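Undergrad: With the input below, show me the fold.
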Amino acid sequence: MERALAVPQLPPHDPKTPVLSVVDMHTDGEPLRIVLAGCPEVVGPTLLAKRRYMRQHLDHVRRRLMFEPRGHRDMYGAVLVPSELQDAHLGVLFLHNDGYSFMCGHAVLALGRFALDFGLVPAPPAGAREAHVNIHCPCGLVAAFVACEGGRSRGPVRFHSVPAFALATDLTVDVPGHGKVVVDIAYGGTFYAFVSAEKFGLDVCSAKTRDLVDAASAVTEAVKAQFKINHPDSEDLAFLYGTILTDGKDAYSEEPTTNICVFADSQVDRSPTGSGVTARIALQYHKGLLELNQTRSFKSSATGSVFTGKAVREAKCGDFKAVIVEVSGQAHYTGTASFIVEDDDPLKDGFLLK
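TA: Residues are numbered from 1 along each chain as shown. Sure, this is the predicted structure:
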């Protein structure tokens, strides 16, 4: 029998630097690293103020957890903070390779399970089949509904989005190397451009990921340069987060429609993308391709995992006709970790390979 090594609780490290303790999860393939301890207090009277404070004063935490050698360029994270909203059970700041996003559907699905299992919400009544978790995201309050049994999470999670809407349809942009390309732009807590991969001679289901990333990134940069995005509630939200390449199958079908989301600094979502599904449902509803409560399935070209989505009711966002979208998926725990820093490590704040 192989003898187990005697390992001290923590290796040698800088005692002045807090140990970062995390729980790791994934939602249909997309990672989520949730910070349990070690992040200094995030100061600010509102969630958006806390987001600004973390970006300005605590960005080393993001880099240490998202970047190599502790993470990788496609890692995703969440820092839990108090919310100023009375109805919120928790507030969250989202972390990725290029900064801090305003909405993340796969993270909301995972955080719903986490909040229930780690006691951040009251235990549901005996016999309840679902727990309700209100999560304050930088884009607004999102309601998660967690399947449970005996007060513990079990099975899928769904969430109801902030009002989602189509911003622009059939917008022509000049994409360097590809000529004029027609795209749609929609909001699902953050803005995405949508275009069929066939416009670039690619099959989203079988093309090399690198080719899909290059095409999507080119669209993102072209839209940013040629189209001004506005959000009726906040200028902070008025930016393009990424591009989603689809299989072009926007008309309703019982078969899943496949897409890949490329966001931030060419980061690839392994899941079908919760906020992307939200925006795509809003776009399809706007075009008359979907009715209320008509469920569609969305498959990730990266992992084959599936989210479902449907528009559950109409809403307004400023002058835009919007919908509240329900997205469902499955989150799983993968482990825990404690990350340390040695004071003489020249790469202690992480690095990324391009």
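Undergrad: Count the neighbours of the residue lying closest to A37 once chain neighbours are set aside for me.
TA: Using Cβ to Cβ, 6 or more residues apart in numbering and skipping the chain neighbours, the partner closest in space to A37 is S21 (4.3 Å). Quick note: C-beta positions are derived from backbone N, CA and C, even for glycine. Counted by other Cβ atoms under 10 Å, the residues lying close to S21 total 15.
Undergrad: Provide the secondary structure category for S21.
TA: Secondary structure for S21, judged by DSSP: H, G, I helix; E, B strand; the rest coil, is strand.
Undergrad: Does it touch L36 like I think?
TA: Yes. S21 sits in contact with L36 when judged by Cβ atoms under 8 Å, with a separation of 4.4 Å.
Undergrad: joint contacts of those two?
TA: Here S21 and L36 share the contacting residues T336, scored by Cβ atoms under 8 Å, 6 or more residues apart in numbering.
Undergrad: on that earlier part again, mind listing what the residue nearest to A37 touches?
TA: Counting by Cβ under 8 Å, 6+ apart, S21 touches V35, L36, A37, G38, T336, A337, S338, F339.
Undergrad: Distance of the last one relative to H178?
TA: Read that as F339. 41 Å (Cβ to Cβ, to the nearest Å).
Undergrad: Spatially central residue for this structure, please.
TA: C104 (2.6 Å; Cα atoms, centre = their mean).
Undergrad: Next up, phi/psi of it, please.
TA: With angles defined as degrees, to the nearest 10, C104 sits at phi -150, psi 110.
Undergrad: How is this protein divided into domains?
TA: Recorded structural domains for the chain (assignment: the TED database) are 20-161+333-339, 162-326.
Undergrad: export those to TSV and tack on distance to D349?
TA: Shown next, in TSV, are the domains of the chain (distance: least, Cβ to Cβ, whole Å):
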stretch	distance to D349
domain 20-161+333-339	5
domain 162-326	16
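Undergrad: Please tabulate these in a markdown table, including the columns distance to D345 and mean pLDDT.
TA: As requested, the domains of the chain are exported to a markdown table (distance: least, Cβ to Cβ, whole Å; pLDDT from 0 to 100):
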| stretch | distance to D345 | mean pLDDT |
| --- | --- | --- |
| domain 20-161+333-339 | 9 | 97 |
| domain 162-326 | 23 | 97 |
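Undergrad: What are the boundaries of the strands in the stretch 151-300 of the chain?
TA: 152-160, 165-175, 179-187, 191-196, 240-246, 257-263, 267-268, 296-300 (DSSP state E, counting those that start in this stretch).
Undergrad: from the chain's centre, how far out does the shortest one sit?
TA: Looking back up the chat, that one is strand 267-268. With Cα atoms, centre = their mean, to the nearest Å as the basis, strand 267-268 stands 11 Å off its chain's centre.
Undergrad: what's in contact with that strand?
TA: With contacts defined as Cβ under 8 Å, 6+ apart, strand 267-268 is touched by R73, D74, H96, N97, D98, T209, V213, G242, I260, C261, V262, A302.
Undergrad: can you do 10 Å?
TA: The contact list for strand 267-268, computed with Cβ atoms under 10 Å, 6 or more residues apart in numbering, reads 30, 66, 73-76, 96-98, 209-210, 212-213, 216, 242, 260-262, 300-302.
Undergrad: In the stretch 251-354 of the chain, what residue spans correspond to helices?
TA: For the stretch 251-354 of the chain, helices defined by DSSP state H, counting those that start in this stretch occupy the ranges 274-286.
Undergrad: S253 against K299, yeah?
TA: No. S253 is beyond contact range of K299, at 11.7 Å (criterion: Cβ atoms under 10 Å).
Undergrad: With neighbour numbers in mind, choose between the two.
TA: Comparing S253 with K299 by neighbour count (other Cβ under 10 Å), the higher total belongs to K299, at 21 against 11.
Undergrad: Roughly how far does the more buried one sit from L32?
TA: Separation of K299 from L32 (Cβ to Cβ): 20 Å.
Undergrad: so who does the closest residue to A238 other than its chain neighbours touch?
TA: Spatially, and ignoring its direct neighbours in sequence, A238 is nearest to H231 (4.5 Å; Cβ to Cβ, 6+ apart). H231 is in contact with 102, 139, 165, 167, 187, 190-191, 237-239, 317-318, 320, counting by Cβ under 10 Å, 6+ apart.
Undergrad: just T336 next, same as before
TA: Contacts for T336 (Cβ under 10 Å, 6+ apart) come out as S21, V22, V23, D24, I34, L36.
Undergrad: and which of the residues you listed is nearest to G201?
TA: Among the contacts of T336, D24 lies closest to G201 (Cβ to Cβ), at 37.3 Å.
Undergrad: CA atoms only for the host helix or strand of the closest one, dumped as PDB, please.
TA: Using DSSP states H and E, D24 sits within strand 20-27. C-alpha atoms of strand 20-27 as PDB (Å, rounded to 0.1, in the frame of the first residue of the first chain):
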ATOM      1  CA  LEU A  20      -7.500  33.100  -0.300                       C
ATOM      2  CA  SER A  21      -9.900  30.300   0.400                       C
ATOM      3  CA  VAL A  22     -12.300  29.300  -2.400                       C
ATOM      4  CA  VAL A  23     -15.000  26.800  -3.400                       C
ATOM      5  CA  ASP A  24     -14.800  25.800  -7.100                       C
ATOM      6  CA  MET A  25     -17.900  24.900  -9.100                       C
ATOM      7  CA  HIS A  26     -18.800  24.600 -12.700                       C
ATOM      8  CA  THR A  27     -22.100  25.100 -14.500                       C
END
